[in-house]
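[1] pasting the structure only:
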């Protein structure tokens, strides 16, 4: 049984067992690519073997080698051989693939690697470790780098200048060494999908040239000790063909091994992502009404996208905010709506949000629906407690407020009464910027109007209470009724039945509005199907 200590070691090194269901499936795919008798014609080396479970089911033991970093894993494999595992003991050996010289390899394996024709018949069959030197928490300042894991290998030193930050990933170091030192072999590997779609892997893809043959993806949490809602892929590459990585069609399986459908994955060049579009609407010249907090361009980072009045020190330190002003409210609301209207799943977790087509510019219903959606979304964390709240979409009369609001900006904006001052600052902005300051009342769809109606009732109920903040935001209203737990997190429900009912109606109308926005996300090219 795996002890807690061994689990911790494996997690630190990013090494996890490959479930039997995916071992068998991967070997089916290898047979489909190389032929049903492939084991008689090809050699196999698992250079990240752990205790060798990836090799279970292979029959030609004299053509199989298994190496691993830890001596205790070699001992486990030798013990398994004594109990019937189909491997020669001399073919299971300790070897640090990211540091050791190939002169330490068994003679026959070394001979295969040094022979160009035999090397073409070598299958590097691996599920390498996924640990990396930095994670999202290090980017936001809440974690620490795993520098002792990835940044101190020889392969990191050899490749990091050529491939940049992708070299922090241990599995990338395995792929780069195989590509360089075992050139021309067949690579059959498990890994995340970063190599074919992540933006910061562009330099890696410039070095890693191969022909994609076949592959599949499965939920990551089907692997022992792997936490997270993302896909792990099994991909077969012919390293003898030096092709650029383009679109890769992978078969999708659920956690039970049932085939679902095909899904395309592809890389995106610099300048084609949603952040490149958003930068066109950055505004440092006009009065800020709040901040957009942003990180990443894929689904896994959606939780990090929100509106706020008071960013954290780390948000400023790591430049994770941009200003929302009167010139860019619409693009900023579109950005928040696009990022949050589609639920993140294990399958789309690494899908990239893209620079849209120009069709969105004339789709005023989409623009206004996005504004309504952003105003009442849970990720709108604007507060009127410490800073001026410019995001109240109603008048005092509409919600029967006891006092006048400190700011009527949002209602004035929606009413088309914001003045455009043709000063030097605004003329120097993106040419389209002033086009998003409406000069007549915005027209909302039936679905958006229903959201406003539900929100208005919620605001009205809040202002009927005693001792309330007259400038409260939607976030403040939720906090007032729901309160916070001992950990400081807002509770999911309130003890106030009327409030729960009103919030439930708003959520229902928001869901209807969400369904109107989703097709537009694909139509305008913010996401590819």
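    Happy to help now that I have it. Since the model is a prediction, treat every value here as computed from it, not as a measurement.
[2] show me what contacts residue 527?
    338, 342, 351, 353, 354, 521 (C-beta atoms under 8 Å, 6 or more residues apart in numbering). Every C-beta, even on glycine, is put in place using the N, C-alpha and C of the backbone.
[3] make it 6 Å
    With contacts defined as C-beta atoms under 6 Å, 6 or more residues apart in numbering, the neighbours of residue 527 are residue 521.
[4] Check residue 287 too.
    Neighbours of residue 287 in contact, by C-beta under 6 Å, 6+ apart: none.
[5] Grab the nearest non-local neighbour of residue 240.
    Distances taken as C-beta to C-beta, 6 or more residues apart in numbering put residue 184 closest to residue 240, at 4.4 Å, once the chain neighbours are dropped.
[6] brain fart, residue 309
    residue 387 (4.3 Å).
[7] in what helix or strand does that neighbour lie?
    Using DSSP states H and E, residue 387 sits in no helix or strand.
[8] returning to what we had before: is the residue nearest to residue 240 in contact with residue 119, as I believe?
    Yes - proximity of residue 184 to residue 119 meets the contact threshold set by C-beta atoms under 6 Å, at 5.1 Å.
[9] burial measure for the residue nearest to residue 309, as a count.
    14 (other C-beta atoms under 10 Å).
[10] mind checking pLDDT for it?
    Here the pLDDT value assigned to residue 387 is 87.
[11] Over to residue 424?
    45.
[12] Could you find the closest non-adjacent residue to the residue positioned nearest the centre of the chain?
    Centroid-nearest residue in the chain: residue 300, 2.9 Å away (criterion: C-alpha atoms, centre = their mean). Spatial nearest neighbour of residue 300, chain neighbours left out: residue 349 (4.8 Å); criterion: C-beta to C-beta, 6+ apart.
[13] Next up, the contacts around the one you found.
    229, 230, 299, 300.
[14] closest to residue 199 among those?
    Nearest to residue 199 among these is residue 300, at 12.7 Å by C-beta to C-beta.
[15] Look up how far residue 192 lies from the closest one.
    According to C-beta to C-beta, to the nearest Å, residue 300 stands 10 Å off from residue 192.
[16] So which elements touch the lengthiest helix in the chain?
    Looking across the chain with DSSP state H, the single longest helix is helix 497-523. Packed against helix 497-523, as judged by 3 or more C-beta pairs under 6 Å, 6 or more residues apart in numbering; DSSP states H and E, are the following elements: helix 364-375, helix 446-463.
[17] Reformat those as a markdown table; add distance to residue 383, mean pLDDT and mean neighbour count.
    Conversion of the helices and strands packed on helix 497-523 to a markdown table gives the following (distance: least, C-beta to C-beta, whole Å; pLDDT from 0 to 100; neighbours: other C-beta atoms under 10 Å):
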| stretch | distance to residue 383 | mean pLDDT | mean neighbour count |
| --- | --- | --- | --- |
| helix 364-375 | 14 | 98 | 22 |
| helix 446-463 | 14 | 98 | 19 |
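[18] Out of those helices, which is closest to residue 434?
    helix 364-375 (14.6 Å).
[19] Show me what the closest one is packed against.
    helix 329-340, helix 446-463, helix 497-523.
[20] now the first one: how far from the chain's centre is it?
    When you say that, I think you mean helix 329-340. 18 Å (C-alpha atoms, centre = their mean, to the nearest Å).
[21] one step back: just give the number of residues close to the residue nearest to residue 240.
    18.
[22] Residue 470 now?
    Neighbours around residue 470, by other C-beta under 10 Å: 15.
[23] Kindly report the same for the one 3 residues further on.
    The tally of other residues near residue 473 (other C-beta under 10 Å) stands at 24.
[24] ok, which stretches of the stretch 201-350 of the chain are helices?
    202-207, 274-278, 313-317, 329-340 (DSSP state H, counting those that start in this stretch).
[25] out of the ones you listed, deepest packed?
    Counting by mean count of other C-beta atoms under 10 Å, helix 329-340 has the highest mean neighbour count of these, with a mean of 26.
[26] Turn the helices and strands packed on helix 497-523 into TSV, columns for distance to residue 396.
    Below are these laid out as TSV (distance: least, C-beta to C-beta, whole Å):
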stretch	distance to residue 396
helix 364-375	17
helix 446-463	9
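[27] now for these, which one comes closest to residue 213?
    That would be helix 364-375 among the helices and strands packed on helix 497-523, by C-beta to C-beta, at 40.5 Å.
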